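Peer 1: Following is a predicted model, sequence given first.
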Amino acid sequence: NGTIGILGGGQLGRMLANAASQLGLRTHVFCPEESSPAFEVCAGITVAAYDDQASLSAFAKAVDVITYEFENVPADTVAFLEAQGAIVRPGAKALKTAQDRLHEKEFVRAIGADTADFHPVDDLKSLKAGLDKVGRPAILKTRRLGYDGKGQTRITTDDSDLSAAYDKAIEFAWAEVGAAPSILEGFIPFEREISVIGARSHDGEIRLFDPAENVHRNGILKTSTVPASTSEETNEKAFTVTRKMLEELDYVGVIGVEFFVLPDGDILVNEYAPRVHNSGHWTQDACAVSQFEQHIRAVAGWPLGDPVIHSSAVMENLIGAEVKNWRSLAQEKNACVHLYGKSEARDGRKMGHVTRLAMN
Ligand code: ATP
Ligand code: MG
Ligand code: MG
C-alpha cells in the first residue's frame, strides 16, 4: 500500500485515481483549479499554484511517489519536488522534452526515427526559410502549450502575402493558447493516424498495447479503434520506436506516442505525451489491465500487467453538448459509458467517452 501523488486534476487524474483505488492504493491530487474532475475520487487534495513551494513540500511529504496527468506541469515544479527528495515518475527528461515541439522532434530524430520536416520560426525571415525547407502546405504551431490542435495555422500556396498570414497566425495562437507560433512543420498527407500506448517499469520491463487507429475532428480526437487497420509490419515499426523512446528517456510509467502512417506503410512520429493518453481509453474496457492501472503499477513499482486485447473496440469522445446523449448511450448494448463529472458542457470540452465493444 501507499499514496500516489498526482499533479493535475483533470479526467486523466480521475481515471488514474480510480485505477489506484482498485489496487488498494490512495491518491493525493495537487492542482491549481478550485474544482477538478479528480477531486471526487481521490483521498487527498491540495489546491495550490505549481510554484507554491510550501504546498509542494507538504505534498511531497504526504505521498510515496509523484506522477502527473498534465504535461504542462512546469519543469521547475518537478525539479523542486525532486530536490525535496521526492521520486517523480516519469522523470524530468521525459517531461521537458515533450513540452517543446522543437526538442521533441530533435529527440525523435536523434534516436533514429522520422518526423515531419520542421524549422524553428521566430520571425518572418525564419518563416520564409522554413517554407523553403518544408514546402507548402505547412503548419505553423506553437512549440509549447498546444493541445487539441489549438493555435495551429495552415500556410498554403494561396497565402501569397506571407507577412499578413504570419500576423494572423500570431494573433490566433496567442488567443488560443497564449503563445507565439514558433515551429513550422511540413504538412503530411498521411493515410491514417495511429498511436501506441506503452509502459516501462522501474526495472526496465516494457509492455505495449496494440496500436489504436485515431480519427480527429477539428483537431480533437474523436475516435480510437482497435485493432487498427495497419499492417503487422507498420505496427512493428511503431513498437520499435516506442520501445526506443521509453529506453532513451529512462521512462517509468505510461507514454502515448502518436504516429502518421504514410501510404507506403512507413511511419512518422507526430508527438508523444508523457502520461496516459486519450487514445488509450479503450484499454479500460477491452483489456484486463487498463492504461491507467498500468501507469499506477509502473509508478508504484508493481509488475506490469498483460496488455492483451480481449475484445475489438471503438472509443468515441463525448465532446461538448454530445454528452447530453448519455441516457441513450447508457441503454446501448456492449457500450461502456464514462463521464467525467464536469458541470459545464462547453464547446470542444471533453465531457466523457463511450467505448463500444465487439464482444468477439
Ligand atoms: P493533442 O496533444 O491533443 O493530440 P496537439 O494540439 O498537440 O494535439 P497535434 O497532435 O500536433 O496537436 O495535431 C493535431 C492533429 O492535427 C493531428 O493528430 C493531425 O490530425 C493534424 N496534424 C498535426 N500536424 C500535422 C502535420 N504536420 N501534417 C498533417 N496533419 C497534421
Ligand atoms: Mg499534443
Ligand atoms: Mg496530438
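Peer 2: All right, it came through fine. Ligands and ions are numbered 1, 2, ... in the order given.
Peer 1: burial count for Leu249?
Peer 2: 21 (other Cβ atoms under 10 Å). Backbone N, C-alpha and C define where each C-beta goes, glycine included.
Peer 1: pretty sure it is in contact with Thr97, am I right?
Peer 2: Yes: the criterion here is Cβ atoms under 8 Å, and Leu249 meets it with Thr97 at 7.1 Å.
Peer 1: And the closest residue to Gly8 other than its chain neighbours, how far from ligand 1?
Peer 2: Excluding the flanking residues, the one nearest Gly8 by Cβ to Cβ, 6 or more residues apart in numbering is Phe70, at 3.2 Å. Relative to ligand 1, Phe70 is positioned 12 Å away (Cβ to the nearest ligand atom, to the nearest Å).
Peer 1: Contacts only, for Phe70.
Peer 2: Neighbour list for Phe70: Leu7, Gly8, Gly10, Leu12, Gly13, Cys31, Arg275 [criterion: Cβ atoms under 8 Å, 6 or more residues apart in numbering].
Peer 1: my guess is the second one meets Cys31, correct?
Peer 2: So the one you mean is Gly8. Yes: counting by Cβ under 8 Å, Gly8 does reach Cys31; the two are 5.4 Å apart.
Peer 1: any common contacting residues for those two?
Peer 2: With Cβ under 8 Å, 6+ apart, Gly8 and Cys31 have common neighbours Ala38, Phe70.
Peer 1: Isn't Asn317 up against Thr223?
Peer 2: Yes: with contact defined as Cβ under 8 Å, Asn317 reaches Thr223; the gap is 7.4 Å.
Peer 1: Comparing those two, which residue is more hemmed in?
Peer 2: Asn317 (22 against 18).
Peer 1: So what sits opposite the more buried one in the bridge?
Peer 2: His353 (DSSP bridges).
Peer 1: Could you number the chain from 840 rather than 1 from now on?
Peer 2: Shifting the count to begin at 840 puts that one at Asn1156.
Peer 1: For the stretch 1090-1199 of the chain, just list every one of the strands.
Peer 2: 1092-1100, 1106-1112, 1152-1158, 1174-1178, 1189-1196 (DSSP state E, counting those that start in this stretch).
Peer 1: Comparing those, which comes out most buried?
Peer 2: strand 1092-1100 (a mean of 25; mean count of other Cβ atoms under 10 Å).
Peer 1: Tell me the helices and strands packed up against that one.
Peer 2: Under the contact definition 3 or more Cβ pairs under 8 Å, 6 or more residues apart in numbering; DSSP states H and E, strand 1092-1100 sits against strand 1031-1039, helix 1071-1087, strand 1106-1112, helix 1130-1139.
Peer 1: quick one: average confidence on that strand?
Peer 2: Mean pLDDT, computed over strand 1092-1100, is 98.
Peer 1: wouldn't Gly1119 be in contact with Ala1051 here?
Peer 2: Yes: counting by Cβ under 8 Å, Gly1119 does reach Ala1051; the two are 7.0 Å apart.
Peer 1: Quick check: the nearest residue to Glu1044 once chain neighbours are set aside vs Ala1003, distance?
Peer 2: Leaving out its chain neighbours, the residue that sits closest to Glu1044 by Cβ to Cβ, 6+ apart is Leu1143, at 5.6 Å. Leu1143 sits 52 Å away from Ala1003, going by Cβ to Cβ, to the nearest Å.
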